[in-house]
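Undergrad: need a structure here:
(6 chains)
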Number of protein chains: 6
Amino acid sequence: MRYGPQDSMQAPRFTGPRTFMRLPSKATLEDVDVAVVGVPTDSAVSFRPGARFGPEGIRSASILLRDYNPILEVSVPEVLSMVDYGDAPTVPGYHLESLARIESFLSPIQAAGVVPLVLGGDHSLTIASLRAAAATHGPVAVVHIDAHADVLDSYYGVAHFHGTVFRRAVEEGLVDPSCSLQAGMRGSLHPGDLLGGAAFGYEVIWWEELRQMSPEQFGQAVRRRVGDRPVVVSFDIDFVDPAFAPGTGTPEPGGPTSYEALSYVRSLGAMNYVGLECVEVAPSLDPTGVTLNLASSVCFELLSLLALSRRR
Amino acid sequence: MRYGPQDSMQAPRFTGPRTFMRLPSKATLEDVDVAVVGVPTDSAVSFRPGARFGPEGIRSASILLRDYNPILEVSVPEVLSMVDYGDAPTVPGYHLESLARIESFLSPIQAAGVVPLVLGGDHSLTIASLRAAAATHGPVAVVHIDAHADVLDSYYGVAHFHGTVFRRAVEEGLVDPSCSLQAGMRGSLHPGDLLGGAAFGYEVIWWEELRQMSPEQFGQAVRRRVGDRPVVVSFDIDFVDPAFAPGTGTPEPGGPTSYEALSYVRSLGAMNYVGLECVEVAPSLDPTGVTLNLASSVCFELLSLLALSRRR
Amino acid sequence: MRYGPQDSMQAPRFTGPRTFMRLPSKATLEDVDVAVVGVPTDSAVSFRPGARFGPEGIRSASILLRDYNPILEVSVPEVLSMVDYGDAPTVPGYHLESLARIESFLSPIQAAGVVPLVLGGDHSLTIASLRAAAATHGPVAVVHIDAHADVLDSYYGVAHFHGTVFRRAVEEGLVDPSCSLQAGMRGSLHPGDLLGGAAFGYEVIWWEELRQMSPEQFGQAVRRRVGDRPVVVSFDIDFVDPAFAPGTGTPEPGGPTSYEALSYVRSLGAMNYVGLECVEVAPSLDPTGVTLNLASSVCFELLSLLALSRRR
Amino acid sequence: MRYGPQDSMQAPRFTGPRTFMRLPSKATLEDVDVAVVGVPTDSAVSFRPGARFGPEGIRSASILLRDYNPILEVSVPEVLSMVDYGDAPTVPGYHLESLARIESFLSPIQAAGVVPLVLGGDHSLTIASLRAAAATHGPVAVVHIDAHADVLDSYYGVAHFHGTVFRRAVEEGLVDPSCSLQAGMRGSLHPGDLLGGAAFGYEVIWWEELRQMSPEQFGQAVRRRVGDRPVVVSFDIDFVDPAFAPGTGTPEPGGPTSYEALSYVRSLGAMNYVGLECVEVAPSLDPTGVTLNLASSVCFELLSLLALSRRR
Amino acid sequence: MRYGPQDSMQAPRFTGPRTFMRLPSKATLEDVDVAVVGVPTDSAVSFRPGARFGPEGIRSASILLRDYNPILEVSVPEVLSMVDYGDAPTVPGYHLESLARIESFLSPIQAAGVVPLVLGGDHSLTIASLRAAAATHGPVAVVHIDAHADVLDSYYGVAHFHGTVFRRAVEEGLVDPSCSLQAGMRGSLHPGDLLGGAAFGYEVIWWEELRQMSPEQFGQAVRRRVGDRPVVVSFDIDFVDPAFAPGTGTPEPGGPTSYEALSYVRSLGAMNYVGLECVEVAPSLDPTGVTLNLASSVCFELLSLLALSRRR
Amino acid sequence: MRYGPQDSMQAPRFTGPRTFMRLPSKATLEDVDVAVVGVPTDSAVSFRPGARFGPEGIRSASILLRDYNPILEVSVPEVLSMVDYGDAPTVPGYHLESLARIESFLSPIQAAGVVPLVLGGDHSLTIASLRAAAATHGPVAVVHIDAHADVLDSYYGVAHFHGTVFRRAVEEGLVDPSCSLQAGMRGSLHPGDLLGGAAFGYEVIWWEELRQMSPEQFGQAVRRRVGDRPVVVSFDIDFVDPAFAPGTGTPEPGGPTSYEALSYVRSLGAMNYVGLECVEVAPSLDPTGVTLNLASSVCFELLSLLALSRRR
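TA: Residues are numbered from 1 along each chain as shown, chains lettered A, B, ... in the order given. Model (predicted):
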């Protein structure tokens, strides 16, 4: 038994309730390679909320996705059996409680050897996602693609926030920074943030450096760093310039185009992926829909990378 | 076995793929009283398209609906077992073909004695909906609530269009106009449209008259006209003033408020309902979302009327 | 030779360059009863500009207008020969110069006995419009329907502004206030504005009073005041509540619905109309298009009143 | 020394940083009658967030407010010395912590006998606001105007949320329900919510009843209930129909118009006001700006009521 | 007699009814080099409709166009006499009938040796446009610039759709694929679409290849392929990345910037142009107006190419 | 005494009235290096108005700015003491009067040796800004970055307009063109505009040339041209492509990305800056907020350049 998208030549893509890529809506882990999971958080953010509607938005845009990736030369549903697994429960305004419930929701997926594709939600969810991954796989490698390093110590006196995740993850032993990497950081900085994740052991490729690298060079740098480690890719949509992704909470001008962003993602190649995330997508801030569209393309590239890795 | 909405006190309403009122997504007719059906048409319209995304939009807004109608004093899911049955297939640009496929999709629902709640789609779908109803029930009564009479003879030389439905329905013998009624017509008129449906046997209550009637008077007038007939309620969202429902193809200023519109619907009371429709909802023209919100409330009132009738 | 709208049963209403009501675009005064004129000003305003695109916006929405007014029982194009006469030239940022050019543009229309239907533009244009009317007709009566009295003495030290028009018009002898009337004023007031136009001889019906009057009572009050005088109706779209007309520069909450507004306009009945205006329409502030739609309906009612008067 | 708005006849209203009503931005309590306070929360909400930008939005719209209330016949700045006091600190995602900080921010204002005008922020802030009021005044009377009763027991297992405030307030002894009143409740209901606040001692006037009452009748009912008690008015913008106030988190169709809403507020008349609130205003959901405009008018009416009471 | 734009130094560009580039609105072919024609279709599309308002939208934005192209060094109106010829009639929902009427509308233009600049409408119109061109010129060369190859066999069982045009055109003998070329294809693919137009004889330059080519190289490749053939350029606005052109029905992330897109168009140089098209522009999906602006610039470049060719 | 931004780790960035970069709102020149000044004009523009709300919009977005510029390696508030000085008074519709008042407002700032950072407002304000600069410094150098040269002779017969500024400035002797430079011009041209500012002595680097230069090359070219002269940088946001800056009056497709634009600004390096401007920002045309965000980043780069120069 395999699960894949509905045939869009029989009924138009705009028919039926929206599930990711028109996959079956089914909370099963049997015969499944990928469980698409919404994680609708947006409480613990320092600027604009709205990402709790990110899963709905990405699902809505994803119905345009077709099967075959012509650049990576892989048909995603031919390699991967996929379901839309539904959303993790959250408790708006009670971030620590939300983290616990998200972790509980994701842990069985990881335990079953199924790869979650997480549709965020803001980046604060990632600490729960990494706890679930590390429970099964031990400290994981992380490829963190983002305009911001998210390694601050605290905000307003509290420790868990969308801007503290990648510091906490090292402190909690969920991530092995020596095989992890952050890429894309840019914009004006807090005084306490000048080194980014480098202060905690991550390799950091600032956007000003990254753009000098070809996608191939970036892919090699990542694979060299990560090796065979179980790896989570955490993609924050604000990595991309706000013209291409206005629908996000903390937009940072001067970033990559959508073409560049997709190319860098695509370049990662085959690795031992155990988690995929696309976060900080806020539909109410996206009147043209371009952010949702791009986020669904990012998800497609992430799935293509997994398909590529599984086909080896 | 009964089908009803998910519990929103466990996980927030904004979790999970959007189905109408958070009902199970399931194309079954067994143990079902109501099948919620999307009919995503918008080709055969004379002005702005976009209603093909109406089913998605109404589903999205409907997740706010709670169980109990305090004015009609009925709990909808206590009385009715309901599923989100999915969408009829359509063929954009080929209206006659679409009508055939919609009819085929709806006919088994009617044949099973299940009441379809149709989420439009533009009003041109109604001829297919009435064909399906009449195939099971014979000529039905219609309560048509709309700013426009939709009884023109043709547009640009063709017979089936969103503005010709209620004339064609009489000509095809699907509707018995002598127990049917149109209400709410207003605005500037085509020379050939001065009588509205009265020329074809309908009772017509123009908006200028309707607003002099209390909801109770309107409800009595309708029930007097319809009697025990199997009846279809076809509600066009442009009945409501564009300030309350901008997301529609042919807005007509000077109409009722949302309060008035909901009151007139609510007043219909218990009847022998065999079809319920809310049409002409176009999300891309609705940046504030008020149209989707109102459409989902109209659907809730329609379901409440059915629940009331079944409880008798 | 008569001029009227294109036939919308041959080609859809959305075909062709937008002219008002799909009238011929023709700067002629021969065989013409009504010249529709855009006056794209918005410089001399105290808050949000944007009304210079009002003429484009009203033209765009007006293509939905049909011929027959079922409440006034008159077919507008059967009685009136109408053209879209084009737009007055303006000089943004040079208000006095703009006023001179607008007056020069409108004067020949008035001199020819043709009634201009002015599509604004902000209310500051009205002083030019009244100069043109008075040059032909002597001091005119004015029916001024608006949320604001526009009778301040000056702004920031200058005399001509959108908030000073109806005071200046009396001072210049363009308007005879003893047969003129203002209706609809509401909202918080400047200390120097507590009497509205009453301080300058106008009859003033505040919105708080107007809403106690039926449209019939209002119509009678107006006709009693105006008598046989040549009369200009100057309708500011902000008379209507912002929910119905958000696309305007100085929105004032707590106003009439679109139904109420259209009813009050319709109630004016037959008079000796020599000028018709709908002003303060700003499309860039109107993402749902409801303001444009309503403004075009107001224009249709104004034309219907003229048609009614000519049919006498 | 008195504090009031800048003169808008010298420089246009759109000049300078936005403070409420163009008041001085000054965190002082000396010589002050009213401290306008922003409380930018939106974490603990069950549907759409965004109200953390409510204070910015209301300030932006409020620059259109003029001095004199022509219906209540009072000039607000003549009676009241007012400052824009700034915003309470909040901790997004940590609702209990936010409540503590908000209470600490508001308590000195109450202790100084200054009336806070709270610009929300979502309704969950009100428990902090009432704690601050009760600390100075003992159990207060509340006039709660809203589409929702907000008296649920818990959401997702937690006690403090925007939907539990008015139950908690009674349980904590902050409010004396016997002299308090809720008005405006409507829409579909949770099974556990059928009585609204009546289950906890409030008088409840459902919207279906309220609309049968004239503003005068409502005002009398309120004053009869409240008497001389120190009273807090808590106005949730979703009381008004979504056509007039789309920019809110939990819109409820079928509500009052802006005219009706302002009239009911205005009718409250002179009372012993110790707190004024306008909450649930979310600018990112308000592309036309009508919600912000209306919220600022509501604030003006609330201030006018206080001015009226102080003038006695 | 020659036709050109109005002088924008006399009256602002925002005055008067919108025609393309402020050209005269005149359905004449005498003394005319270019007839600008709107073709308002959007029925036969697989995703979002709205392009029927494309002609209005492009006209609206085009009023900003000035005469001289500084890169191609040509003044368009000095070389070309141009009129706004109006719109082809269409029959929404009846695609085959629409195609017939569009062909009849365009054929006399082609027969007169006038070059139509077609403002779409969705891409399904192109089969009619090519029939009209081929009737006069025999099988034409096509330069098809688009994100999608549009060579599918059928959708939902029907043959004519916006995604089947360039296959049908070869099958009907309207296009000689051996001197035609497709450029810009990208994104996820249908299984049956992996070769694009190459399966039907077109040269295909995928976006991944095109971006490696300089505009000069692309221009040479095109001219080499096309030679002296009568050639139609069919530009689909979704060729450009959605950040630059969100107002389109089937956006495809990861495409060229506006600068790249305009450069590739400009590079085509002098050829024997017999048809120019800019399609898939949907204003209701374009709240910022950037798509309309870009589409009008594309049209200007297309006209500049024709002017260049005629000047030889 | 020094003035700098509030600490955003104590209270979230979204708290409090919006001042630029959360600086103190204070009209003082003592102990101040930079006075941030809004200049809310938009009357004398040839296309879309709205920039009078530019200062509010840029302030709103600027609250996201942090202290440190990691590319220029400078902490802005460590070097510069800055205040939000408020807005210049303007007189909408009376451009010459506005210019006089703006000049009077800016002159004391220049005279005190404080550098104004001007938040526009449309480009017509620059003639007043240059008059104030030249009064203190004599003829200044200008670096003018824009899509348009703004050197026309007149519009509609008047001399001062947003398109005539850089010609007038030379004619009035405010600018020494021999050490001034324009960069970025593109798009279709008026016949009288083919040379841009070169006809008046400016060096002109068209966009087509600029994009061939690295930021370093551009910076050197500018510094070579300007030397030690007191220099004003006038940045028009329409320099950037409309996808990155749709919120502007005269968008010109085919321009630089935000990354490119920020890089060119950043490259200017240390010079003798006496004035900084970011103009033509119109929030009502910017529903996604990207323009405001980018404008605030441009302002941050401009301030960083000044900080860099002061640190020498």
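
Undergrad: check the residue nearest to residue A:120 when sequence neighbours are not counted and give its pLDDT.
TA: Excluding the flanking residues, the one nearest residue A:120 by C-beta to C-beta, 6 or more residues apart in numbering or on different chains is residue A:279, at 3.0 Å. Every C-beta, even on glycine, is put in place using the N, C-alpha and C of the backbone. At residue A:279, the predicted lDDT confidence score is 98.

Undergrad: now do the same for residue A:10: its pLDDT.
TA: For residue A:10, the pLDDT comes out at 86.

Undergrad: so it sits against residue E:156, correct?
TA: Yes: with contact defined as C-beta atoms under 8 Å, residue A:10 reaches residue E:156; the gap is 6.9 Å.

Undergrad: mind checking which of the two has more residues around it?
TA: Remark: of residue A:10 and residue E:156, residue E:156 carries more neighbours, 20 against 11, as counted by other C-beta atoms under 10 Å in any protein chain shown.

Undergrad: and the closest residue to the more buried one other than its chain neighbours, what is it in contact with?
TA: Computed as C-beta to C-beta, 6+ apart, the closest residue to residue E:156 that is not its neighbour in sequence is residue B:91, at 4.7 Å. Under the criterion of C-beta atoms under 8 Å, 6 or more residues apart in numbering or on different chains, the contact list for residue B:91 reads A:12, B:97-98, B:101, E:155-158.

Undergrad: count residues in the vicinity of the residue in the stretch 1-150 of chain A that chain C sits nearest to, would you?
TA: Nearest residue of the stretch 1-150 of chain A to chain C (C-beta to the nearest C-beta) works out as residue A:50 at 18.2 Å. Neighbours of residue A:50 under the rule other C-beta under 10 Å: 27.

Undergrad: quick check: closest non-adjacent residue to the residue in the stretch 101-250 of chain A that chain B sits nearest to.
TA: Residue of the stretch 101-250 of chain A nearest chain B, by C-beta to the nearest C-beta: residue A:101 (8.7 Å). Using C-beta to C-beta, 6+ apart and skipping the chain neighbours, the partner closest in space to residue A:101 is residue A:89 (4.9 Å).

Undergrad: which residues does the one you found contact?
TA: The contact partners of residue A:89, by C-beta under 8 Å, 6+ apart, come to A:101-102, A:105, B:10-12, B:15, D:156.

Undergrad: got a PyMOL select line for the buried ones in those?
TA: Selection of buried members from the contacts of residue A:89 for PyMOL, criterion 16 or more other C-beta atoms under 10 Å in any protein chain shown:
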select buried, (chain A and resi 101+102+105) or (chain B and resi 11+12+15) or (chain D and resi 156)
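
Undergrad: now render the contacts of residue A:89 as CSV, adding distance to residue E:21.
TA: Below are the contacts of residue A:89 laid out as CSV (distance: C-beta to C-beta, whole Å):
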residue, distance to residue E:21
A:101, 59
A:102, 56
A:105, 57
B:10, 60
B:11, 55
B:12, 52
B:15, 51
D:156, 59
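
Undergrad: could you find the closest non-adjacent residue to residue A:100?
TA: Nearest non-adjacent residue to residue A:100, counting by C-beta to C-beta, 6+ apart: residue A:128, 7.6 Å away.

Undergrad: and the one you found, how far from residue A:101?
TA: Note on residue A:128: its distance to residue A:101, by C-beta to C-beta, to the nearest Å, is 8 Å.

Undergrad: next, see if the helix ranked longest in chain A gets close to chain E.
TA: For chain A, the longest helix by residue count, based on DSSP state H, is helix A:290-311. Yes: Helix A:290-311 is in contact with chain E by C-beta under 8 Å from any C-beta of the partner chain, via A:290, A:293-294, A:297, A:300.

Undergrad: next up, the contacts around residue A:181.
TA: Taking C-beta under 8 Å, 6+ apart as the test, what residue A:181 contacts is A:142-144, A:202-205, A:221-222, A:225-226.

Undergrad: same thing but at 10 Å, please
TA: Residues in contact with residue A:181 (C-beta atoms under 10 Å, 6 or more residues apart in numbering or on different chains) are A:141-145, A:197, A:202-205, A:218, A:221-222, A:224-226, A:231.

Undergrad: what about it, distance to residue A:222?
TA: Taking C-beta to C-beta as the measure, residue A:181 falls 6 Å from residue A:222.

Undergrad: overlap of the contact sets of those two?
TA: Joint contacts of residue A:181 and residue A:222 (C-beta under 10 Å, 6+ apart) are A:141, A:143, A:145, A:203, A:205, A:231.

Undergrad: the longest helix of chain A near chain F at all?
TA: Yes: interface with chain F: helix A:290-311 contributes A:290-291 (C-beta under 10 Å from any C-beta of the partner chain).

Undergrad: average model confidence for that helix?
TA: 97.

Undergrad: quick check, it touching chain C?
TA: No: judged by C-beta under 10 Å from any C-beta, helix A:290-311 stays clear of chain C, getting no closer than 17.0 Å.

Undergrad: in that helix, what counts as buried?
TA: For helix A:290-311, by 16+ other C-beta under 10 Å, it's A:290-309.

Undergrad: state the three-state secondary structure for the residue of the stretch 151-300 of chain A found nearest chain C.
TA: Nearest to chain C in the stretch 151-300 of chain A, going by C-beta to the nearest C-beta, is residue A:287, at a distance of 8.4 Å. Per DSSP: H, G, I helix; E, B strand; the rest coil, the local secondary structure of residue A:287 is coil.

Undergrad: ramachandran angles for it?
TA: Residue A:287 adopts backbone torsions of phi -60, psi -20, taken as degrees, to the nearest 10.
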